[in-house]
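Colleague: Give me the fold of what follows.
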Amino acid sequence: MEAALYGPGGFYVRPGGPGPAGHFRTSVHASPLYAAAVARLLRWVDEELGHPAELDLVDVGAGRGELLAGVLAALEPGTAARVRPYAVERADRPAGLDPRIRWVQAVPERTTGLLFANEWLDNVPLEVAEDGRYVLVAPDGTESPGGPLDGPDRAWLDRWWPGGGRAEIGRARDEAWAGAAGSLERGLAVAVDYAHTRGARPPYGTLTGFRGGREVPPVPDGSCDVTAHVALDSCAGPGAVLLTQREALAALGVSGARPPLALASADPAAYVRALSSAGEAAELTDRAGLGAFGWLLQPVGITAPAWPGAGGPPAAR
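Modeller: Okay, the predicted model is just below:
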């Protein structure tokens, strides 16, 4: 999986390719409302931090920098001038990207602000297990049984994915997330991804591939994305909050409600714009689609609740 995604000629680092947007649709690509919601979240973090002279915005798994560009465009000039945007991505910097965006290969250390990882953890390589043994995968996708699980992986399964059968061991994702969130001195770390929790693990796993907008077999030869859903509850640290995207975006003001019909006669152009925006919001918050994504919010050195809104959501267990 590591070689197929990030090795020489790997899916995500191949030069001249279309990037993730050429193969699958994320919330970032679905609507500018998503970047505007992240901008509102950044303003809240800024308020919690007391409006520091420099406000870091770290996009982990930045693709081609689309989210950062959208957030910067949605901010007021005074706030945008204080923002230090970092795109963390292993591919080369794309041509024409906003020169304010710092393009880096690894998560920067000692930042203060918002770290946002949209559909990053699902591409952190992991091991697959079946009936107490590792699953080996050849470059053509052929699977065969491997050796017995080692102690740490078996312990992870016993705690987070009990019951035997086929499972995806999320220990590497836990460690990757702990490292990313641990890079913050103060602020909020957010992971957004296809997710499941301990009470509803998929019985046969979720490993799959994507290419050209279609789901394909997860052949690890660099020709397609290789991905698996994330056990976000195992990633969560002390004080973390788990939400669905529908809940998170609602708290950030994204609503799919239709505009009032009276607006159609009073201002037809405004009605059409509002109707289009409502349609995009409905896609982002659809319970059967993007709205079912998981959001993990991890506060670092800021006052609870680590979420805009009275009372905040329940803490992750």
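Colleague: and the one residue sitting closest to the centre of the chain, what does it touch?
Modeller: Taking C-alpha atoms, centre = their mean as the criterion, residue 118 is the residue nearest the geometric centre of the chain, at 2.1 Å. Shown in contact with residue 118 (C-beta atoms under 8 Å, 6 or more residues apart in numbering): 26-28, 59, 61, 67, 192-193. (Glycine included, C-beta is placed from N, CA and C.)
Colleague: What separation do you get for it and residue 60?
Modeller: 8 Å (C-beta to C-beta, to the nearest Å).
Colleague: wait, what's in contact with residue 1?
Modeller: Residue 1 sits in contact with 125-126, 220, 226, where contact means C-beta under 8 Å, 6+ apart.
Colleague: Now for the residue nearest to it when sequence neighbours are not counted, how many residues are close by?
Modeller: Of all residues not flanking residue 1 in the chain, residue 125 sits nearest, at 3.9 Å (C-beta to C-beta, 6 or more residues apart in numbering). Per other C-beta atoms under 10 Å, the neighbour tally for residue 125 reads 16.
Colleague: Is it correct that residue 125 is in contact with residue 170?
Modeller: No - between residue 125 and residue 170 there is no contact under C-beta atoms under 8 Å: 11.3 Å.
Colleague: Just the C-alphas of stretch 125-142, formatted as CSV.
Modeller: These are the backbone C-alpha positions of stretch 125-142, laid out as CSV (Å, rounded to 0.1, in the frame of the first residue of the first chain):
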residue,chain,number,x,y,z
PRO,A,125,-1.2,2.4,4.9
LEU,A,126,-2.4,-0.4,7.2
GLU,A,127,-2.3,-4.1,7.7
VAL,A,128,-5.3,-6.4,7.0
ALA,A,129,-5.9,-9.4,9.2
GLU,A,130,-8.1,-12.5,8.8
ASP,A,131,-8.6,-15.2,11.4
GLY,A,132,-5.6,-14.2,13.4
ARG,A,133,-3.1,-14.0,10.5
TYR,A,134,-1.9,-11.2,8.3
VAL,A,135,-3.3,-11.0,4.8
LEU,A,136,-0.5,-10.8,2.1
VAL,A,137,-1.2,-9.0,-1.1
ALA,A,138,0.7,-9.4,-4.4
PRO,A,139,1.2,-6.5,-6.8
ASP,A,140,-1.6,-7.9,-9.0
GLY,A,141,-4.0,-7.9,-6.0
THR,A,142,-3.9,-11.6,-5.3
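Colleague: re earlier: redo the contacts of residue 118 as CSV? Include neighbour count and pLDDT.
Modeller: Formatted as CSV, the contacts of residue 118 follow (neighbours: other C-beta atoms under 10 Å; pLDDT from 0 to 100):
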residue, neighbour count, pLDDT
26, 17, 84
27, 24, 90
28, 25, 91
59, 26, 98
61, 23, 95
67, 24, 97
192, 28, 97
193, 24, 96
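Colleague: circling back to that earlier point, nearest to residue 237 among the contacts of residue 1?
Modeller: Lowest distance from residue 237 to the contacts of residue 1 (C-beta to C-beta) belongs to residue 126, with 18.9 Å.
Colleague: tell me the contacts of the closest one?
Modeller: 1, 168-173, 228.
Colleague: Just among these, which is most surrounded?
Modeller: residue 170 (28 neighbours).
Colleague: what's the nearest residue in space to that one that is not next to it in sequence sitting at in phi/psi?
Modeller: Ranked by C-beta to C-beta, 6+ apart and with sequence neighbours excluded, the top spatial neighbour of residue 170 is residue 231, at 4.1 Å. Per-residue torsions, residue 231: phi -80, psi 80 (degrees, to the nearest 10).
Colleague: can you give me the strands for the stretch 201-317 of the chain?
Modeller: 208-211, 214-216, 225-227, 230-231, 241-244, 294-300 (DSSP state E, counting those that start in this stretch).
Colleague: Flag every buried residue along the host helix or strand of residue 79.
Modeller: Residue 79 is located in helix 77-82, with elements delineated by DSSP states H and E. Neighbour-count burial for helix 77-82 flags 79-80 (criterion: 16 or more other C-beta atoms under 10 Å).
Colleague: Who are the packing partners of the next helix or strand after it?
Modeller: Next helix or strand after helix 77-82 toward the C-terminus (DSSP H and E): strand 83-88. Strand 83-88 is packed against strand 55-60, helix 66-74, strand 102-104, strand 111-118, with contacts defined by 3 or more C-beta pairs under 8 Å, 6 or more residues apart in numbering; DSSP states H and E.
Colleague: Helix 66-74 and the first one, what's the angle between them?
Modeller: Orientation of strand 55-60 against helix 66-74 (axes from the mean of the first three to the mean of the last three C-alpha atoms, to 10 degrees) gives an angle of 150 degrees.
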